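[1] With the sequence up front, the predicted model follows.
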Amino acid sequence: MVITREDVLNYHLGGKVGLRLTKALKDVESLCKAYTPGVAIPVKEIHKDPSVLRKYTAKKNLVAVVTDGTAILGLGDLGAEASIPVMEGKAVLFKVFGDVDGWPVPLNHCRIDGKNTGKTDPKRIIDAVCAIAPMYGGINLEDIAAPACFEIEDKLDEILDIPVFHDDQWGTAVIALAGVKNYSRLCERNMQEIRVVINGAGAAGIRIAEMLKASGVRQITLCDSKGVIRSDRTDLSGKKREHAVKTTASTVSDAMKDAHVFIGVSVADCVKERDILSMASYPAIFAMANPDPEIRPELVVSAMGNKPYVMATGRSDYPNQINNVLGFPFLFRGALDVMARTINVPMKLAAAEALAAVAREQVPEDVKKVYPGAELEFGTNYIIPKPFDRRLFIEVSYAVAEAAVKSGAAVSIDDLKAYRTSLERRNEERLVTNG
């Protein structure tokens with residue numbers, strides 16, 4: 001597939017999102033219902049009983065995609081305006097895959113200097129999001145640089161009664177965990193046995209470590225640009241300090257010796273063939289730096305020869321893409337449907353397990369048609385489902401909703417079995433509508 005710069009710019013002409021009306025306005029009667037004088041009736045109902053807000057507004061299915069543009073993709077701090085195509089793209093993915101109405105909310109003047117330069121000011125972001133929260137059923141934080149992103153998410157999650165989810169942290173972590181779970185099955189090692197090295201201690205790397213630990217992994221070595229995050233380092237603070245380990249390893253290469261899993265969320269070409277060969281038998285290499293991975297899959301093929309291994313990247317042109325679109329649309333779908341107050345760790349773990357389980361099932365013919373020539377049978381080249389697998393809408397959304405109910409995060413739900421049936425029906429309706 002060859003896509004030119006002109007192709008991409010033409011695709012983006014006029015933007016990618018717009019307003020879709022859910023009610024018809026075609027005559028005087030509907031005008032009176034939609035606005036004055038009729039609109040005063042739901043206004044009074046909401047004022048009298050705020051719990052009906054989701055019933056009479058779009059709040060129940062609307063998510064704000066919030067950013068300050070300090071960490072756009074792998075491009076860095078380019079500002080709120082430059083982030084808009086990404087935020088629009090996120091909104092498109094929300095709608096297509098999760099039937100969630102996402103809306104871009106790029107924020108200016110949320111830097112420490114109060115302008116559009118410098119580091120993120122967490123308080124300004126928190127205040128801005130709290131101010132707009134009444135309209136939204138959930139907040140998706142996006143492309144906000146670490147370490148500010150941790151404080152922002154944690155504080156908003158504490159303050160607001162709607163789900164707050166920083167996809168750059170948790171989205172990558174959920175998908176990576178699903179991949180590691182299936183790798184553990186292939187290599188016949190349980191999660192407690194696996195030795196993991198994570199290169200990159202930003203938003204994604206920290207949360208991947210936390211998700212792996214929550215899933216039972218005991219041996220994790222986290223590395224940043226200065227090397228292994230060791231307990232004897234004096235330059236550590238915050239989240240890094242929490243994950244520091246006692247070890248003699250100093251470099252990423254040192255840490256990779258005898259490791260079972262390497263997870264990269266760092267920079268291109270920082271791993272060499274000799275590092276792969278130093279790993280334990282049947283290793284997994286998740287080289288997820290975009291657009292260029294920590295080590296090219298071709299080099300791994302050359303190094304490993306006929307030995308078994310698993311290779312994953314963040315790219316769509318190689319097998320096993322760790323793609324956040326497999327997570328956030330369905331995490332929010334399930335959370336919104338049961339009116340969850342948060343997206344907690346049990347819900348994230350449930351999403352990862354559901355993703356892993358889908359990859360182990362036989363792939364339907366309609367999915368195979370979308371990916372002609374791809375190897376879609378559970379094994380080393382297929383440990384993660386594909387984004388256009390419609391089963392994800394049901395399986396992951398349901399798993400998240402069920403975990404929300406069981407963990408006490410959901411406000412209310414009448415019948416989980418009926419909810420699953422409604423997801424199945426909704427999925428079929430979406431297929432008919434969208435082709």
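    Cool, got the structure. Numbers count the residues shown, from 1 in each chain.
[2] contacts and neighbour counts: CA atoms only from here.
    Will do.
[3] Chain neighbours aside, what residue packs nearest to the spatially most central residue of the chain?
    Here the mean C-alpha position of the chain is nearest to the C-alpha of Gly171 (CA atoms, centre = their mean), at a distance of 2.0 Å. Using CA to CA, 6 or more residues apart in numbering and skipping residues adjacent in sequence, the residue nearest Gly171 is Asn324, 5.3 Å away.
[4] mind checking how far the one you found is from Ala176?
    Relative to Ala176, Asn324 is positioned 9 Å away (CA to CA, to the nearest Å).
[5] residues making contact with the helix or strand where the residue nearest to the centre of the chain lies?
    Applying DSSP states H and E as the criterion places Gly171 in helix 167-186. By CA atoms under 8 Å, 6 or more residues apart in numbering, the surrounding residues in contact with helix 167-186 are 140-143, 190-191, 194, 203-209, 211-212, 284, 310, 322-324, 326-328, 348-349, 351-353, 355-356, 379-380, 383-384.
[6] Now it: buried residues?
    Counting neighbours by 16 or more other CA atoms under 10 Å, one finds that the buried residues in helix 167-186 are 167-184, 186.
[7] One more: stretch 118-125?
    When burial is assessed from 16+ other CA under 10 Å, stretch 118-125 yields the following buried residues: Lys119, Thr120, Asp121, Pro122, Lys123, Arg124, Ile125.
[8] chain center to it, what's the gap?
    A distance of 22 Å separates the C-alpha centroid of stretch 118-125 from that of its chain, computed with CA atoms, centre = their mean, to the nearest Å.
[9] which residues in the stretch 51-200 of the chain form strands?
    Per DSSP state E, counting those that start in this stretch, the stretch 51-200 of the chain has strands spanning 62-67, 101-106, 138-141, 164-166, 195-199. These are given in chain order.
[10] Kindly report the same for the stretch 301-435 of the chain.
    Chain-ordered strands for the stretch 301-435 of the chain, with DSSP E, counting those that start in this stretch as the definition, fall at 310-313.
[11] Low-confidence regions, it specifically.
    Flagging of the stretch 301-435 of the chain using pLDDT under 70 yields the residue ranges 412, 432-435.
[12] Helices along the stretch 1-150 of the chain, start to end?
    Under the criterion DSSP state H, counting those that start in this stretch, helices of the stretch 1-150 of the chain are mapped to 5-12, 28-34, 40-48, 53-56, 80-98, 122-132, 148-159.
[13] Give the buried residues for the fourth one.
    The reference is to helix 53-56. Within helix 53-56, the residues that qualify as buried are Leu53, Arg54, counting by 16+ other CA under 10 Å.
[14] and Phe262, helix, strand or coil?
    At Phe262 the chain is in strand, as set by DSSP: H, G, I helix; E, B strand; the rest coil.
[15] Please work out how many residues are found near the residue lying closest to Tyr136 once chain neighbours are set aside.
    If you skip the residues right next to it in sequence, Tyr136 has Lys59 as its closest partner in space, 4.8 Å away by CA to CA, 6+ apart. When neighbours are counted by other CA atoms under 10 Å, Lys59 registers 18.
[16] Distance check, Lys59 against Val28.
    Taking CA to CA, one finds Lys59 at 26 Å from Val28.
[17] ok, now Ala350?
    Between Ala350 and Val28 the computed distance is 49 Å (CA to CA).
[18] for Glu210, what are its contacts?
    Contact partners of Glu210, counting by CA under 8 Å, 6+ apart, are absent.
[19] Where does it sit: helix, strand or coil?
    Here Glu210 takes the helix state, with states given by three-state DSSP.
[20] average model confidence for stretch 199-216?
    Over the span of stretch 199-216, the pLDDT mean works out to 93.
[21] mind listing what's buried in that stretch?
    Within stretch 199-216, the residues that qualify as buried by neighbour count (16+ other CA under 10 Å) are 199-212, 215.
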